[in-house]
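Participant: Okay, structure incoming, though there's no sequence with it:
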């Protein structure tokens, strides 16, 4: 049996390693905290000739994604990475990448949005892009982020849609973790050679990317784009199955933790899920029927699959690391609550907004969330549908 | 290689008829001349603007080349990505053809909103040719002033009112800006002097690096001129030295055309409705200032080209 190749890597280094093994034709990226190290480490691979990549060191994130769009339309396997304001600056181009059906893969190292300026983790950057047509994968650990990036290539190219892989800024990007990477050859075989449907460089078959579509055709373009997302869920599942065959690591649309017989459940993204699992364990030892669901695929939202699992619960607490100012709770909350609306016996769903701007989330805070959920469970009453956790009021 | 009209006339247009650009549009004349000048295959990136919206109304396209439009401010970044893909795939032996990469942007997409992307692409020195078709205002949205609009010109956002006589401020010298940041080849050309334009395009696409040509492309709608006068107006811009034809190759400035008799600027301004108010008695001083500015810039250019001390 093959001995395991284990490496101690920071999250950003793990992403850079995945990119090296993928060996994309083009990377166009701009440094921003906390993503910077991905760009730096990848630059060394380029400088040492470890990759075939043409690395475009652009002058802004807007140009980063614009160059990626040009490269991808020219038939190149194309990747980038960013955070926070960088993703915000890309906003215009996010919609153009998905509308043009370009399978670009981007790591987003999640960071708060200004103002006030803050470099630490929350999810307001990616949540602001949730309707932009990018498939979104989320990652609890550096290992998951590494695995997601490799799978993202295959997913993107199977459905001709761009994929965003999220991992928590600093918490995951800068923490050293033991990673079990695939061999270079395994990655190469897993992703295969990229065969684009069309390329701008195919001069014998000129085609037009980004025409003007007016009242008579724009709607049809968008309707057919909406249809494309239906194919994503089975593709994400089958790519995960294939990945499990070579790594033994099993992924799905979401991860459930002690949820089978649970009556109270938490829904939480990324690294906080790791902390919350510890709390679930403690509460389970006390005999409490609690569990957790950690979404992996957030866009497209796997509504039916979520319904099937969450319908068994009585009370659900959603933890949102982003707010929707003037809206109705955090973005994860509104999606989960809406997904369960049609159930005849729908669980009570409440929202806990936490950890903005990198505010530490402790086990004690998550304990309190569960206490509040237990109170709702026993009383059947919700005093605060949307509350803030760990903030000075 | 001298420009042979007979040979050029036999070549197939790569921007075909049937597009919806206005009669007398300078941009379409520029694009046709530029694409005729290039013998190798071409991939085009287009900034949002008149040229883009009027040539690719789905399900039609007037382009016989591969063509991409992504947004307004990023034709330079988009073509950078296309060229990067080409360099990568060529290095990997997956493509063998020699291809020219051309970006077209109006003055809005080039002087203003796309200035940063243009600067980045030039600095990275991609093997691209960026063409600005300068019609001196945002024509696609209905004649709003840009940083390419000359002082005194009427536009819908620099209207002639009781207290303001058209555009205030100056015209940005984009050719000098791009030249001074070290692009390998930068030039100014006009659709009126097509031999010069064609030679410049040929030179640009033969260079191993990022090149830029600013082409004067009159807009009858925005300039308030007769549609049959487009080329004549462009010629007057050259003959008055408002729009000198010159190039900067690896830092060396060269004037390509010196009018036998430099015409007064009023010859250029007079046929254009956008300058009509300048000919009112109360604006006589403005006219004088415009002439002085043209003279000063022409002198400076001659100094840069070492024709004057």
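Facilitator: Everything's here; your move. Values in this document were obtained by computation on a predicted structure and should not be read as measured data. Numbering: from 1, shown residues only, chains lettered A, B, ... in the order given.
Participant: Quick check: chain neighbours aside, which residue is closest to residue 173?
Facilitator: No chain specified, so I'll use chain A. Counting by Cβ to Cβ, 6 or more residues apart in numbering or on different chains, residue A:173 lies nearest to residue A:11, which is 4.2 Å off, once chain neighbours are set aside. All C-beta atoms are positioned from the backbone trio N, CA, C, and that covers glycine.
Participant: Actually, chain B is the one I wanted.
Facilitator: The shortest distance from residue B:173 to any non-neighbouring residue, by Cβ to Cβ, 6+ apart, is to residue B:297 (7.9 Å).
Participant: any residues touching the helix or strand hosting the one you found, and which ones?
Facilitator: Counting by DSSP states H and E, the element that carries residue B:297 is helix B:284-304. For helix B:284-304, the external contacting residues (Cβ atoms under 8 Å, 6 or more residues apart in numbering or on different chains) are B:150-152, B:165, B:173, B:240-242, B:244, B:246, B:253, B:255, B:262, B:264-266, B:269, B:278-279, B:308-309.
Participant: Count the neighbours of residue A:225 for me.
Facilitator: Residue A:225: 15 surrounding residues under other Cβ atoms under 10 Å in any protein chain shown.
Participant: next one: residue A:319
Facilitator: 25.
Participant: Correct me if wrong: it contacts residue A:270.
Facilitator: No - assessed by Cβ atoms under 8 Å, residue A:319 is found out of contact with residue A:270, at 10.1 Å.
Participant: Now do the same contact list for residue A:263.
Facilitator: By Cβ under 8 Å, 6+ apart, the contact list for residue A:263 reads A:289-290, A:313-315, A:377.
Participant: How about residue B:113: what's its closest non-neighbour residue?
Facilitator: Closest to residue B:113 by Cβ to Cβ, 6+ apart is residue B:73, at 4.0 Å.
Participant: Go over the secondary structure and confirm the one you found is in a helix.
Facilitator: No - counting by DSSP: H, G, I helix; E, B strand; the rest coil, one finds residue B:73 to be coil, located in no helix.
Participant: How many residues are close by it?
Facilitator: By other Cβ under 10 Å, 25 other residues sit near residue B:73.
Participant: How about residue A:247?
Facilitator: As a burial measure, residue A:247 scores 17 neighbours (other Cβ under 10 Å).
Participant: Now do the contacts for it.
Facilitator: A:147, A:180, A:182.
Participant: so can I have a markdown table of the residues you listed showing secondary structure and pLDDT?
Facilitator: Shown next, in a markdown table, are the contacts of residue A:247 (DSSP: H, G, I helix; E, B strand; the rest coil; pLDDT from 0 to 100):
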| residue | secondary structure | pLDDT |
| --- | --- | --- |
| A:147 | helix | 98 |
| A:180 | coil | 98 |
| A:182 | coil | 97 |
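Participant: Give the PyMOL command for selecting the buried subset of these.
Facilitator: Per 16 or more other Cβ atoms under 10 Å in any protein chain shown, the buried members of the contacts of residue A:247 correspond to this PyMOL selection:
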select buried, chain A and resi 147+182
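Participant: Out of the contacts of residue A:247, which comes closest to chain B?
Facilitator: Set against chain B, the nearest of the contacts of residue A:247 by Cβ to the nearest Cβ is residue A:182 (21.9 Å).
Participant: With chain B as the reference, measure out to residue A:100.
Facilitator: Here the distance between residue A:100 and chain B works out to 7 Å (Cβ to the nearest Cβ, to the nearest Å).
Participant: do residue A:103 as well
Facilitator: Taking Cβ to the nearest Cβ as the measure, residue A:103 falls 13 Å from chain B.
Participant: okay, and for the stretch 101-250 of chain B, where does confidence drop off?
Facilitator: Counting by pLDDT under 70, the stretch 101-250 of chain B contains no low-confidence residues.
Participant: Which residues of it lie near chain A?
Facilitator: Where proximity means Cβ under 8 Å from any Cβ of the partner chain, the interface of the stretch 101-250 of chain B facing chain A comprises B:116-117, B:119-120, B:123-124.
Participant: of all of chain A, which residue lies closest to chain B?
Facilitator: With Cβ to the nearest Cβ, the shortest gap between chain A and chain B falls at residue A:70, namely 2.7 Å.
Participant: one step back: so what does the residue nearest to residue B:113 look like in phi/psi?
Facilitator: phi -90, psi 10 (degrees, to the nearest 10).
Participant: And the pLDDT for it?
Facilitator: We note a pLDDT of 98 for residue B:73 in this prediction.
Participant: Please work out how many residues are found near the residue of the stretch 51-200 of chain B found nearest chain A.
Facilitator: Of all residues in the stretch 51-200 of chain B, residue B:81 sits closest to chain A, at 2.7 Å by Cβ to the nearest Cβ. Close neighbours of residue B:81, defined as other Cβ under 10 Å, add up to 35.
Participant: Please name the spatially closest residue to it (chain neighbours excluded).
Facilitator: residue A:70 (2.7 Å).
Participant: Remind me which helix or strand the one you found belongs to.
Facilitator: Assigned by DSSP H and E, residue A:70 belongs to helix A:61-73.
Participant: can I assume residue A:357 sits in a helix?
Facilitator: Yes - using three-state DSSP, the secondary structure at residue A:357 is a helix.
Participant: Okay, it and residue A:389: tell me how far apart.
Facilitator: 14 Å (Cβ to Cβ, to the nearest Å).
Participant: who's more crowded, those two?
Facilitator: Counted by other Cβ under 10 Å, residue A:357 and residue A:389 do not tie: residue A:389 has more neighbours, with 20 against 16.
Participant: For the residue nearest to that one when sequence neighbours are not counted, give its distance to residue A:81.
Facilitator: Spatial nearest neighbour of residue A:389, chain neighbours left out: residue A:354 (4.1 Å); criterion: Cβ to Cβ, 6+ apart. Noted for residue A:354: a distance of 25 Å to residue A:81, by Cβ to Cβ.
Participant: Am I right that residue A:167 is in a strand?
Facilitator: Yes - using three-state DSSP, the assignment for residue A:167 is a strand.
Participant: wait, what's in contact with the closest residue to it other than its chain neighbours?
Facilitator: Of all residues not flanking residue A:167 in the chain, residue A:145 sits nearest, at 4.0 Å (Cβ to Cβ, 6+ apart). Counting by Cβ under 8 Å, 6+ apart, residue A:145 touches A:11, A:14-15, A:107, A:139, A:165, A:167, A:172.
Participant: repeat that for 7 Å
Facilitator: Contacts of residue A:145 were listed using Cβ atoms under 7 Å, 6 or more residues apart in numbering or on different chains, and they are A:11, A:14-15, A:139, A:165, A:167, A:172.
Participant: can you check residue A:14 too?
Facilitator: A:142, A:145-146, A:179.
Participant: Then residue A:147?
Facilitator: A:243, A:249, A:251.
Participant: Try it again at 10 Å.
Facilitator: By Cβ atoms under 10 Å, 6 or more residues apart in numbering or on different chains, the contact list for residue A:147 reads A:14, A:18, A:137, A:139, A:141, A:165, A:179-182, A:240, A:243-244, A:247, A:249, A:251.
Participant: do residue B:117 as well
Facilitator: A:58-60, A:62-63, A:66-67, B:47, B:71, B:73-80, B:103, B:105, B:109-110, B:130.
Participant: hmm, back to that, model confidence score at the residue nearest to residue A:167, please.
Facilitator: Residue A:145 is assigned 98 on the pLDDT scale.
Participant: Using the three-state scheme, assign it.
Facilitator: Applying three-state DSSP: residue A:145 is helix.
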